[in-house]
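In: when you get a sec, could you give me coordinates for this:
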Amino acid sequence: MMAVPGPVAARAAELREAIERANYDYYVLDAPTLPDAEYDRLFRELQELERRHPALATPDSPTLRIGVTPVTEFAQVAHATPMLSLGNAFGDAEVEAFDRRVREGLDAKVDVHYAVEPKFDGLAISLTYERGVFVQGATRGDGQVGEDVTANLRTVRAIPLRLRGGPAPGLLEVRGEVFMLKRDFQTLNREQRDAGGKEFANPRNAAAGSLRQLDSRVTASRRLTFCSYGLGRYSGGHVPRDRHSRQLDHLGKLGFPVSAQRRVVSGLTGLLAYYRDIERQRAELPFEIDGVVYKVDDLHWQERLGYVSRAPRFALAHKFAAEEEITQVLGIDVQVGRTGALTPVARLAPVFVGGATVTNATLHNEDEIRRKDVRIGDSVIVRRAGDVIPEVVSVVRERRPAGARPFQLPQACPVCGSRVERVEDEAIARCTAGLYCPAQRKQALLHFASRRALDIEGLGEKLVDQLVDQGRVKTPADLYRLDLETLSNLERMGEKSAANLLAAIDKSRSTTLERFIFALGIRNVGESTARDLARQFGGIDALMQADEAALQTVPDVGPVVAASIAGFFGEPRNCKVVQELRKLGVRWVEGKAKGFAGLPLAGKTFVLTGTLARMTREAAAERIVAQGGKVSGSVSKKTHYLVAGADPGGKLDKARALGVAILDENALARLLEQKARA
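Out: Numbering: from 1, shown residues only. The predicted structure is shown next:
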């Protein structure tokens, strides 16, 4: 093999150092310092040098992280020092017993100090370094013998291929966990789903499956990471020999990721306080954990305590309540939410999971049921984490009984019998009886009475709850049938408060067409669309009779919004409520259909930001809309004017960047006056 010219070797060393430094900053320190494009450029340059000079391709080259030719099987590796499992505790009493045994074994008269850290839910591995270079990686296996997955572990960028900082030990065996971050697990499953492949049940299964690939190029394509939690064999170097916590600090200096949540605590009180603290943080951590690990910090005391059977006496895993269990789907019901959404719910054989007995689990929507192929009678994996609603993760296909039945979403609402509609490109099916359906009753009433709708002051959530729960109000029309006696008898509702509410209800009878349309709570119809509909059709009857084609002639009303409006008025029960409201005196001034073409600001989009001095933003928006303009909440290339008051915020910067015309309040007033005279 030809000798490598000195300058070329120096450049290769420089590239390796820069690439590995970038890996360390990104995967260990979580503080990226090199842009992706620059990283890729350096990586390709090193690859080209190694292609032209094969002698440069040393075992610690970062180019090995992209994977190599597939192997036919994994070789076995005998662990020189067994990788033992830990004893488990599931309650405070077991932790108390552990601490007592430790103190008795050491004859300690004071609290023992423990090194504590989260218990990663991944795959335990062993990494061996000789003179600072990574030479072998193995799985835990049965604790005595594991599998040689060196090629795959080289692709994990959080694992250093060469140790950092100071003289390297002649031999160093590092133990830790390979796992997958939650965000990378979600990305992987999305990619698997898009490719028609098998999805993984949880990050642990994904990590284990990715690490045991015979083709390390597959492993390289999965974003695995690593965290070290201890040492096996070691010789030479400056490895601390007094405390476990100091060994972890040393591993951090050598370039290994160590847990940012690790601590040293004192006694039983410290152990339990740490457990509860990590349990509170669990949902926010970027990785999955299934408990915490306690280890006597003093290494000499660890040696004195020794081992029992296959576990050390000086360590304990304090497990959280299991978040996943297997149970059977006894049936699938459909719940109707406050917005009319139909949600399939699995009725389960009771199972204890996540610290509680679970009998129901959400199946999200019809597409999810089809994708997971959940059938009545199936055995399924159910997940519950903290206060999160239990969900069915996957089906255990091997246990499917012969009579398992597929699920069909009903075509009629199971609560009110009205038609169920699923808009194209939406996953959720909905009941179309927004004003009538009992499941949607409270939400419909609160929206109807809200300030920007019919503005019934004093009709809040607690009062609506009472009126609905006692059967006093079933639709918005029933609000106008209430009397003083009925309201006075409600909890915390005196005669004066009842009279005030009746006055507010009576006042709301006089409104505008656009407010009335908005108050109906039609899906996808906000205030702006309601204004446009009122102007286009002039009256409620014309709107109720419009088909989807006619509705789409209104600015910014596309197929989805038109389908929502047509579907709402296509439900006879909704139309009946509208007619009842009119009979009970809810009124507005109707006029001829005006359209938008002849208005001075037709086709112009405005965005309002900051505080206006002479009028509210709401008043300004009304004046703009009255002249045919549209008011949007966000700046885009389609924005014509940004109206900026005091303290305008980021919208002003974006408008400047896009070249949008910027008006102050005085300029807006002049524009409105000019257009009004035109």
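In: in the stretch 501-650 of the chain, which spans are strands?
Out: With strands called from DSSP state E, counting those that start in this stretch, the stretch 501-650 of the chain shows them at 605-609, 630-632, 641-644.
In: and the stretch 51-200 of the chain, by the same measure?
Out: Secondary structure of the stretch 51-200 of the chain (DSSP E, counting those that start in this stretch): strands located at 76-78, 88-89, 113-120, 123-130, 133-139, 145-147, 171-180.
In: and the second one, what does it pack onto?
Out: Looking back up the chat, that one is strand 88-89. In this structure, strand 88-89 makes packing contacts with strand 315-319, judged by 3 or more C-beta pairs under 8 Å, 6 or more residues apart in numbering; DSSP states H and E. The way it works is simple: take the backbone N, C-alpha and C, and place the C-beta from them, glycine included.
In: before we move on, the earlier item: adding mean pLDDT, mean neighbour count and distance to Leu123, write the strands of the stretch 501-650 of the chain out as TSV.
Out: Listed next are these as TSV, based on pLDDT from 0 to 100; neighbours: other C-beta atoms under 10 Å; distance: least, C-beta to C-beta, whole Å:
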stretch	mean pLDDT	mean neighbour count	distance to Leu123
strand 605-609	90	22	51
strand 630-632	81	19	50
strand 641-644	92	23	54
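In: before we move on, the earlier item: could I get the strands of the stretch 51-200 of the chain as TSV with mean pLDDT?
Out: As requested, these are arranged in TSV below (pLDDT from 0 to 100):
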stretch	mean pLDDT
strand 76-78	89
strand 88-89	86
strand 113-120	96
strand 123-130	94
strand 133-139	93
strand 145-147	89
strand 171-180	95
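In: quick one: which of these is nearest Ile624?
Out: Smallest distance to Ile624 across the strands of the stretch 51-200 of the chain (C-beta to C-beta): 50.6 Å, for strand 171-180.
In: what residues sit buried inside the closest one?
Out: Applying a neighbour-count criterion of 16 or more other C-beta atoms under 10 Å, the buried positions in strand 171-180 are Leu171, Leu172, Glu173, Val174, Arg175, Gly176, Glu177, Val178, Phe179, Met180.
In: before we move on, the earlier item: could I get the strands of the stretch 51-200 of the chain in a markdown table, plus columns for distance to Thr219?
Out: Output for the strands of the stretch 51-200 of the chain, formatted as a markdown table (distance: least, C-beta to C-beta, whole Å):
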| stretch | distance to Thr219 |
| --- | --- |
| strand 76-78 | 17 |
| strand 88-89 | 30 |
| strand 113-120 | 18 |
| strand 123-130 | 12 |
| strand 133-139 | 11 |
| strand 145-147 | 13 |
| strand 171-180 | 10 |
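In: for Cys416, find the nearest of these.
Out: From the strands of the stretch 51-200 of the chain, taking C-beta to C-beta, the stretch that ends up closest is strand 171-180, at 44.7 Å.
In: helices or strands up against the closest one?
Out: If you count contacts as 3+ C-beta pairs under 8 Å, 6+ apart, strand 171-180 packs onto strand 123-130, helix 203-211, strand 224-235.
In: which of the buried residues of strand 171-180 sits closest to Asp478?
Out: For these, the minimum distance to Asp478 (C-beta to C-beta) is 53.9 Å, reached by Met180.
In: and the closest residue to Ala621 other than its chain neighbours, how far from Arg523?
Out: By the measure of C-beta to C-beta, 6 or more residues apart in numbering, the closest residue to Ala621 outside its immediate chain neighbours is Val631, 4.4 Å from it. From Val631 over to Arg523 the distance is 21 Å, taken as C-beta to C-beta, to the nearest Å.
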